[in-house]
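Q: The sequence and its predicted three-dimensional model are supplied below.
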There are 2 protein chains.
Amino acid sequence: MRMMRRKTGQRGAARTPAKTRILDAAETLFARTGFYGVSVREITEAAGVDVALVSYHFGGKRELFAAVFQRRAQLLNPERLAMLEQVRRQALPGAPALEDIVNAFTYPLLERSARGGPGWKSYFALIAQVNNSPEWGPILMTEYFDPLVERFIAVLREALPECDAREIYWGYQFLTGALTLTFAETGRIDKLSGGLCRSTDLDSVHARLAHYVAAGFRALCERARTESGRPAPAARRTRRATSGRTGQRAAR
Amino acid sequence: MRMMRRKTGQRGAARTPAKTRILDAAETLFARTGFYGVSVREITEAAGVDVALVSYHFGGKRELFAAVFQRRAQLLNPERLAMLEQVRRQALPGAPALEDIVNAFTYPLLERSARGGPGWKSYFALIAQVNNSPEWGPILMTEYFDPLVERFIAVLREALPECDAREIYWGYQFLTGALTLTFAETGRIDKLSGGLCRSTDLDSVHARLAHYVAAGFRALCERARTESGRPAPAARRTRRATSGRTGQRAAR
DNA sequence: ATTAAATTTCAACATTTGTTGAAATCGCAC
DNA sequence: GTGCGATTTCAACAAATGTTGAAATTTAAT
């Protein structure tokens, strides 16, 4: 006889499969207190599922952690890549504006975190922690995001052809740092600003980050062009602060 | 009867007190795998000290964590504040350059992480994690750093008098994100750049970050000034990407 | 040398940790 | 229904968790 549909539906019901429920619960809890801050039992209880199923479905706690990380990455990255290529295509025969490149990098993330539901929100909070973790960062971020990042950096280089590659890498690093801290949504900016800004207001971030970062990139390239004379490690100078000469403006 | 000298050291020696050794070991290990990733026993074994001493000297594991966090913060912040005031004084009767303000914020940190010894390095890696943790960030960062941050933001506002305060708060948030990810030293930029950039090369960061951030701040203020007409949440726009008009340069 | 306080040691505590096998149950093609 | 593989349950494992109280030791002032 014909089986009924499947999925969550009413009646015979067949609720979401255990594997998915575990991933969902793990996502939430890992985002809250990190890998070691949650026990397998807490996860399975939150998922309404037996403890042993973690080993059965994933092999172990670490593999579950990686699975959580991978699940949404593989949804996200193709979309980001497509957006990047679209931006690139539209700018032909020239290179796209820096703002547009950065935007293709950040927009799919900000959009899902803002309006994709609580699962996405947890996921990005988790990324914020992993990205800043010496233990997990080099493993998970590298494995699941670096191929995409390399493509982005290539396009950035096209858009800044006379710029030393190192400036681009550092500029990208500053970008990720700013972006991931935003995802952490610790509420610190709320307190600092007395409620004027809200961590959860990712539209505000979307309106600002690309401008901020693009200007930063340009400043780095400019600096490299004009200051190439002095190697500029600085760090000795007890008295004068470093700056370049670009900044006197406000003091005049 | 007379006991022999002490223990390890030769002569009167008086090796570092247990409390300090615990803090040192905890700093290293917490930085590596976070609060839950290390047991009290691992810490005390690394410190060469009995387990019970953590409870005796600090009260418990959580209090130890906070103590680690506080120890160097109280060394750091007065110095940063002094540098900020010095920068401010030198610029009178005008306001300091943005680069100099940012530099007063970051230089004491970068300098210690680069040349202050392994303890400082661990400390900043720990900060990177705490700053991006929804669990600890709002507690520890706020308590130990926000008074200082408020002063910095006040000076930033002096330097950008016509700029909406919100731009400054967001600009600051992007700055901390970029800075703390740098402290994490995950080695990701090393792989990405094929060895061209090194996470540990904080002099490179020092030479770049202030320029990047200062340019970012200016771009935010400029955006607020010119785009105030459209509320600019965007997020719809399928075609045109955001950019301003500044970015065409490379495409020409 | 005597004393009292501060520090360190030791052993044990009740929980909780991740993982595992064997049994039970389910889904579904025959 | 029968049978079979996939999934779930249950109970238990050894190891590790943070904390504590009592005893031993060290430290420093008298």
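A: Cool, got the structure.
Q: Name the residue closest to the centre of chain A, please.
A: Using Cα atoms, centre = their mean, the residue of chain A that lies closest to the mean C-alpha position is residue A:180, 4.9 Å off.
Q: residues near the residue nearest to residue A:179 when sequence neighbours are not counted, how many?
A: Among residues not flanking residue A:179 along the chain, residue A:106 sits closest, at 5.9 Å (Cβ to Cβ, 6 or more residues apart in numbering or on different chains). For glycine as for every other residue, the C-beta is placed from the backbone atoms N, C-alpha and C. Around residue A:106 sit 22 other residues, with neighbours defined as other Cβ atoms under 10 Å in any protein chain shown.
Q: How about the residues of chain A by DNA strand C?
A: With the criterion set to Cβ under 7 Å from any atom of the strand, chain A comes near DNA strand C through A:3, A:14, A:38-42, A:51-52, A:54-56, A:60-62.
Q: which of the residues you listed lies closest to residue B:176?
A: Each of the residues of chain A next to DNA strand C was checked against residue B:176 using Cβ to Cβ; the closest is residue A:38, at 26.3 Å.
Q: how many neighbours does the closest one have?
A: Each residue near residue A:38 was counted by other Cβ under 10 Å, and the total is 21.
Q: if I look at it, how far off is residue B:37?
A: Computed with Cβ to Cβ, to the nearest Å, the distance linking residue A:38 and residue B:37 is 12 Å.
Q: and what of residue A:119?
A: The separation that residue A:119 has from residue B:37, given Cβ to Cβ, amounts to 25 Å.
Q: swap in residue A:23?
A: Using Cβ to Cβ, one gets 22 Å for the distance from residue A:23 to residue B:37.
Q: Of those two, which one has the most company?
A: Taking other Cβ under 10 Å, residue A:23 and residue B:37 do not tie; residue A:23 has more neighbours (23 against 17).
Q: Now the stretch 151-252 of chain A against DNA strand C: closest residue?
A: Each residue of the stretch 151-252 of chain A has a distance to DNA strand C, by Cβ to the nearest atom of the strand, and the smallest belongs to residue A:184, at 22.5 Å.
Q: hang on, that residue packs against residue B:132?
A: Yes - look at residue A:184 against residue B:132 with Cβ atoms under 8 Å: they come within range, at 4.5 Å.
Q: Tell me, how many residues neighbour residue A:46?
A: Residue A:46 sits with 16 neighbouring residues when counted by other Cβ under 10 Å.
Q: Go ahead and confirm it touches residue A:29.
A: Yes - counting by Cβ under 8 Å, a contact exists between residue A:46 and residue A:29, whose distance comes to 6.4 Å.
Q: per-residue confidence for the closest residue to residue A:133 other than its chain neighbours?
A: Residue nearest to residue A:133 in three dimensions, not counting chain neighbours: residue B:129, with 6.2 Å by Cβ to Cβ, 6+ apart. If you check residue B:129, the pLDDT there is 97.
Q: ok, now residue A:248?
A: 39.
Q: now residue A:139
A: Here the pLDDT value assigned to residue A:139 is 95.
Q: cool, and residue A:25?
A: 97.
Q: buried sites along stretch A:165-175?
A: Applying a neighbour-count criterion of 16 or more other Cβ atoms under 10 Å in any protein chain shown, one finds A:166-175 buried in stretch A:165-175.
Q: That one close to chain B?
A: Yes - shown here: stretch A:165-175 in contact with chain B (Cβ under 8 Å from any Cβ of the partner chain) through A:165-167, A:169-175.
Q: and that stretch, C-alpha only, in CSV?
A: Extracted C-alpha coordinates of stretch A:165-175, given in CSV (Å, rounded to 0.1, in the frame of the first residue of the first chain):
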residue,chain,number,x,y,z
ALA,A,165,49.2,40.9,-2.8
ARG,A,166,50.1,41.2,0.8
GLU,A,167,47.9,44.2,1.2
ILE,A,168,45.0,42.2,-0.1
TYR,A,169,45.5,39.3,2.3
TRP,A,170,45.7,41.6,5.3
GLY,A,171,42.8,43.5,4.1
TYR,A,172,40.8,40.3,3.8
GLN,A,173,41.9,39.3,7.3
PHE,A,174,40.6,42.5,8.8
LEU,A,175,37.4,42.0,6.9
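Q: Show residues contacting that stretch.
A: Contact with stretch A:165-175 is made by A:102, A:105-106, A:149, A:152-153, A:156-157, A:160, A:209, A:213, A:216-217, A:220-221, A:223-224, B:178, B:181-182, B:188-189, B:192-193, B:196-197, B:204-205, B:208-209, B:212-213, as judged by Cβ atoms under 8 Å, 6 or more residues apart in numbering or on different chains.
Q: Off-centre distance for it?
A: 15 Å (Cα atoms, centre = their mean, to the nearest Å).
Q: Equivalent analysis for stretch A:115-131, please.
A: That offset, for stretch A:115-131, works out to 9 Å (Cα atoms, centre = their mean).
Q: Please identify the buried residues of it?
A: The neighbour-count criterion (16+ other Cβ under 10 Å) identifies A:116, A:119-131 as the buried residues of stretch A:115-131.
Q: I'd like to know which of these are part of helices.
A: Counting by DSSP state H, the members of the buried residues of stretch A:115-131 that fall within helices are A:119-131.
Q: As TSV, those residues with distance to residue B:78 would be great.
A: Converted to TSV, those look like this (distance: Cβ to Cβ, whole Å):
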residue	distance to residue B:78
A:119	44
A:120	41
A:121	38
A:122	38
A:123	39
A:124	35
A:125	33
A:126	35
A:127	34
A:128	30
A:129	30
A:130	33
A:131	31
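Q: Out of the residues you listed, which is nearest to residue A:72?
A: Proximity of these to residue A:72, judged by Cβ to Cβ, is greatest for residue A:123, which lies at 5.0 Å.
Q: Next up, the contacts around that closest one.
A: A:27, A:31, A:68, A:72.
Q: For it, give me the pLDDT.
A: 98.
Q: Starting from DNA strand D, give me the distance back to it.
A: 22 Å (Cβ to the nearest atom of the strand, to the nearest Å).
Q: again, but for residue A:49
A: In terms of Cβ to the nearest atom of the strand, residue A:49 sits 5 Å off from DNA strand D.
Q: In three-state terms, label that residue for me.
A: Here residue A:49 is recorded as coil under DSSP: H, G, I helix; E, B strand; the rest coil.
Q: And for it, the neighbour number?
A: The burial metric for residue A:49, expressed as a neighbour count using other Cβ under 10 Å, is 18.
Q: what number of residues lie near residue A:187?
A: Applying other Cβ under 10 Å, we find 15 other residues in the vicinity of residue A:187.
Q: can you pull out the helices in the stretch 1-150 of chain A?
A: A:18-33, A:40-47, A:52-58, A:61-91, A:98-115, A:118-131, A:142-159 (DSSP state H, counting those that start in this stretch).
Q: Can you pull the residues of the stretch 1-150 of chain A lying near DNA strand D?
A: Neighbours of DNA strand D within the stretch 1-150 of chain A, by Cβ under 7 Å from any atom of the strand: A:17-19, A:49-53, A:56-57.
Q: Let me know the closest of the residues you listed to chain B.
A: For those, the closest approach to chain B (Cβ to the nearest Cβ) belongs to residue A:51, at 18.9 Å.
Q: out of the buried residues of stretch A:165-175, who's nearest residue A:145?
A: Relative to residue A:145, the closest of the buried residues of stretch A:165-175 is residue A:172; by Cβ to Cβ it sits at 11.6 Å.
Q: Just the pLDDT for that closest one.
A: We have a pLDDT of 97 for residue A:172.
Q: Is it within a helix or a strand, and which one?
A: helix A:165-184 (DSSP states H and E).
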